[in-house]
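A.B. asks: Sequence first, then the predicted structure:
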Amino acid sequence: MSDLRVVPVDLATAKAFVTAHHRHHEPPVGHKFSVGVARGDQLVGVAIVGRPVSRVIQAEARTLEVIRTATDGTHNANSMLYGAARRAAFALGYDCLITYTQEGETGASLRAAGYRVIAQRPPRKGWDTPSRPREDRGDYVARTLWETNEREKP
């Protein structure tokens, strides 16, 4: 039996954890909610859930996105985070929860938490567009889009 448990986490704590433990992304600016996994009093992982980054998907008002997860490497913590985010989103009345993995990530934690692959996305050409000038972040990596929804119980 695991000694891990799901705990509530405020955004400031979640962002600090992501800053300390995420290998390639900074914490997001905002969220709808965050959740953590702890061993005793020690926080070992966080998930930050918010509006979908894609403006097209944002139009679907009952969809949220797991924007960021980070763990300290504790076994099964990431699967627990994805499962807790799923349950919380559906308890709040959302119908669908999405997230992305980067090329080279297996998605094992997502499959364990009841998510399925719905699309493969090619590397971005960049975020800068004439209508929305942005600084080039150099994140030209293929991604996989995952989804779980209320109708598909794991």
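C.D. replies: Looks like it arrived, so ask away. Numbering: from 1, shown residues only.

A.B. asks: Which neighbouring elements make contact with the strand or helix carrying residue 70?
C.D. replies: Assessed by DSSP states H and E, residue 70 sits inside strand 63-71. For strand 63-71, the helices and strands in contact under the criterion 3 or more C-beta pairs under 8 Å, 6 or more residues apart in numbering; DSSP states H and E are helix 11-21, strand 42-50, helix 77-91, strand 96-102. C-betas here are computed from N, CA, C, even on glycine.

A.B. asks: Can you tell me the closest non-neighbouring residue to residue 69?
C.D. replies: residue 47 (4.6 Å; C-beta to C-beta, 6 or more residues apart in numbering).

A.B. asks: who does the one you found bridge with?
C.D. replies: residue 35, residue 69 (DSSP bridges).

A.B. asks: tell me the contacts of it?
C.D. replies: 14, 34-36, 66, 68-69, 81-82, 84-85 (C-beta atoms under 8 Å, 6 or more residues apart in numbering).

A.B. asks: One more pass at 10 Å, please.
C.D. replies: 6, 9, 14, 18, 31, 33-37, 66-71, 77-78, 80-86, 88, 99 (C-beta atoms under 10 Å, 6 or more residues apart in numbering).

A.B. asks: ditto for residue 73
C.D. replies: 21, 44-45.

A.B. asks: While we're on it, how confident is the model there?
C.D. replies: At residue 73, the model reports a pLDDT of 93.

A.B. asks: and what of the one 3 residues further on?
C.D. replies: In this model, residue 76 is scored at 94, pLDDT.

A.B. asks: shouldn't it be in contact with residue 5?
C.D. replies: No. Between residue 76 and residue 5 there is no contact under C-beta atoms under 10 Å: 11.8 Å.

A.B. asks: that older thread, export the helices and strands packed on strand 63-71 to CSV and tack on distance to residue 108?
C.D. replies: Shown next, in CSV, are the helices and strands packed on strand 63-71 (distance: least, C-beta to C-beta, whole Å):
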stretch, distance to residue 108
helix 11-21, 18
strand 42-50, 15
helix 77-91, 8
strand 96-102, 10
